[in-house]
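Student: Let me see the structure of the following:
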Amino acid sequence: MVESSLPRKQRLARYNAPLHVRQKQVAAHLAKDLRATQKKRSMPVRKGDTVKILRGRFFGRSGKVIRVNLSARTVSIEGVNVKKQTGKEIPAPIDPSNVLITQLSERKKQ
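Tutor: Residues are numbered from 1 along each chain as shown. Next up, the predicted model:
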């Protein structure tokens, strides 16, 4: 993806990235037991994966991914909510770099 060393061009490329590139940008580290079976350090987060939050306000909580927002590059996790001023609770947007994948959802064999 890095075609230029200029930060403004890198930001522009990230902002205008197509969906197949954005999918790779929502990657998170794998737990140690998964690392041994997958032979990878990180994988893109998908709906249905179980993750543990490692940073921020919701540190230590675990849950299933209910939504992956590629346009904002965030994930929403079951049971991790923020309350709006109106009193309505919505899923908190979490950056995928701040989570650890502990269990993978069903994925096709390639």
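Student: For residue 83, give its distance to residue 31.
Tutor: To residue 31, residue 83 is 30 Å away according to CB to CB, to the nearest Å. Where C-beta positions appear, they are placed from N, C-alpha and C, glycine not excepted.
Student: Tell me the gap between the lengthiest strand in the chain and the middle of its chain.
Tutor: Looking across the chain with DSSP state E, the single longest strand is strand 74-83. Chain-centre distance of strand 74-83: 12 Å, with CA atoms, centre = their mean, to the nearest Å.
Student: before we move on, back to that, quick one, which of residue 83 and residue 31 is more surrounded?
Tutor: Neighbour count, other CB atoms under 10 Å: between residue 83 and residue 31, residue 31 has more, with 15 against 10.
Student: Chain neighbours aside, what residue packs nearest to that one?
Tutor: residue 102 (4.7 Å; CB to CB, 6 or more residues apart in numbering).
Student: repeat for residue 76
Tutor: Leaving out its chain neighbours, the residue that sits closest to residue 76 by CB to CB, 6+ apart is residue 91, at 3.6 Å.
Student: Same question for residue 72.
Tutor: Leaving out its chain neighbours, the residue that sits closest to residue 72 by CB to CB, 6+ apart is residue 93, at 6.4 Å.
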